[in-house]
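>>> fold the stuff below for me.
(one chain, ligands or ions: 1)
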Amino acid sequence: MAEGQDPSTVMKQQVGKAAADLVKSGSIVGLGTGSTAAFMIQFLGEKLKSGELTDIKGIPTSFQGSVLAKQYGIPLTTLDEVDHIDIAIDGADEVDPHKNLIKGGGAAHTQEKIVDCLAEQFIVVVDGSKIVDKLGTTFLLPVEVVPMAITPVMRKIQQLGGMPTLRMGVKKAGPVVTDNGNLIVDVKYEGGIDDPAGLEQTLNNIPGVVENGLFVGVTDKVLIGEIKDGMPIVREM
Ligand code: 5RP
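All right, here's what the predicted structure looks like:
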C-alpha cells in the first residue's frame with residue numbers, strides 16, 4: 001500500500017474492483033449504494049470504456065447509484081423493462097457468520113432490498129470492519145417509515161423492545177428524507193439482534209413501516225477487503 005493512502009479507502013477500492021471483475025458482458029447488474037459500491041460502479045464504467053466489458057445494463061438502488069452510473073457511462077434500465085437481474089453488488093453495514101446483513105447506512109435499503117433480492121446472484125462487498133458475530137452489535141438497525149406514521153411506529157418499536165431514534169440530516173436542517181420521500185428511524189437493540197429473520201418480519205408488519213435494513217438469507221457471496229502485511233487483499237467469507 002502506498003504511503004499516505006487511507007487503509008479503509010484502499011480496502012473498499014480493492015473489494016469494489018474484485019466484485020466488478022465478476023460481472024460478465026451482456027449482464028443486467030444491480031448497482032448498490034454507498035462508498036464501497038461506488039468504487040464497483042467506477043470500475044464497471046472503466047471496464048466498459050476499455051472494451052473489456054460490453055453490453056451491460058445497470059439497475060441503480062438509489063439516486064446516488066444512478067448519478068454515478070451516468071458519470072461513469074453505464075447504461076441504465078428499470079425493473080419495468082427487464083425480466084431478471086443477473087447479478088447485484090452492494091455494500092453492507094454489518095455481516096454475520098450466516099451472511100445475514102444490516103444495511104441502510106445510506107438510507108437506501110428499501111430499493112436495495114428490492115433489487116438485491118431479485119438478483120440471481122447477490123454479492124456483498126465490505127471491508128473487514130463490517131464483520132460481526134451478531135447483528136446489531138456495532139450498527140443500529142435502519143427502518144424506513146412513512147412520515148405521517150412516524151410517532152406510532154416509533155412507539156410500537158419501543159414497545160417491542162427497540163430504542164428508536166429519528167435520523168437527522170447532516171448539512172441539512174431536519175430529518176433525513178429518503179429517495180422515496182420517507183423518514184428513517186435507527187433502532188438500537190441492547191445485546192444485539194437474537195432473531196434477525198423474526199425481527200425482519202415483525203418490523204415490516206407495523207403499519208407505516210416501509211422496509212427495514214435486515215437482509216436475511218439473500219446473500220450468495222461476501223467479498224472482504226483487508227490489509228495483510230501492509231498489502232490490500234480480498235478474501236471470500
Ligand atoms: C446504503 C447501504 C450501504 O451499502 C451501506 O451503508 C455500506 O456503505 P459503505 O460501503 O459506504 O460503508 O446499505 O443504504
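
>>> quick one: pLDDT of Ser8?
On the pLDDT scale, Ser8 is placed at 86.

>>> right, and it touches Asp127 too?
Yes. Using CB atoms under 8 Å, Ser8 makes contact with Asp127 at a distance of 6.0 Å. C-beta coordinates here come from the backbone N, C-alpha and C atoms, glycine included.

>>> between those two, who's got more neighbours?
Set Ser8 next to Asp127 and count neighbours by other CB atoms under 10 Å: Asp127 wins out with 23 against 15.

>>> could you tell me how many residues sit around Ala197?
By the criterion of other CB under 10 Å, Ala197 has 13 neighbours.

>>> three-state assignment of it?
Secondary structure, DSSP: H, G, I helix; E, B strand; the rest coil: Ala197 is helix.

>>> that one and Phe215 touch, don't they?
No. Ala197 lies out of contact with Phe215 (CB under 8 Å); the separation is 10.6 Å.

>>> from what I can see Met163 touches Glu190, true?
Yes. Counting by CB under 8 Å, Met163 does reach Glu190; the two are 7.5 Å apart.

>>> looking at the two, which one has more neighbours?
Comparing Met163 with Glu190 by other CB under 10 Å, the one with more neighbours is Met163, at 13 against 8.

>>> identify all contacting residues around the longest helix seen in the chain.
When the chain is parsed with DSSP state H, its longest helix is helix 35-50. If you take CB atoms under 8 Å, 6 or more residues apart in numbering as the criterion, helix 35-50 is touched by 12-13, 15-17, 19-21, 23, 29, 31-32, 53-54, 56, 58, 64-65, 68-69, 71-74, 89-91, 125-127, 225.

>>> domains in this structure, by residue range?
What automatic domain parsing lists as the domains of the chain is 7-132+217-236, 141-212.

>>> leaving out chain neighbours, which residue sits closest to Val15?
Excluding its sequence neighbours, the residue lying closest to Val15 (CB to CB, 6 or more residues apart in numbering) is Gly225, at 3.4 Å.

>>> that neighbour: neighbour count?
Neighbourhood size, Gly225 [other CB under 10 Å]: 29.

>>> what is it paired to in the beta sheet?
Beta-bridge pairing for Gly225 (DSSP bridges): Asp127, Val234.

>>> picking that back up, tell me which of the domains of the chain sits most buried.
Mean neighbour count, computed with mean count of other CB atoms under 10 Å, is highest for domain 7-132+217-236 among these, reaching a mean of 20.

>>> near the ligand, which residues of this structure?
With CB under 6 Å from any ligand atom as the criterion, the chain meets the ligand at residues 32-37, 90-93, 103-109, 112.

>>> okay, and which of those residues map to helices?
Ser35, Thr36, Ala37, His109, Glu112.

>>> distance of the first one relative to Ile56?
So that's Ser35. 22 Å (CB to CB, to the nearest Å).

>>> and for the last one?
Applying CB to CB, the value for Glu112 to Ile56 is 19 Å.

>>> please apply the same query to the fourth one.
According to CB to CB, His109 stands 24 Å off from Ile56.

>>> try Lys228
Distance, Lys228 to Ile56, using CB to CB: 31 Å.

>>> model confidence over stretch 155-165, on average?
Stretch 155-165 shows a mean pLDDT of 98.

>>> before we move on, what about stretch 14-27?
Across stretch 14-27, pLDDT averages out at 97.

>>> give me the contacts around it.
With contact meaning CB under 8 Å, 6+ apart, stretch 14-27 is reached by 29, 36-40, 42-44, 47, 53-57, 86-87, 89, 123, 125-127, 223-225, 232-234.
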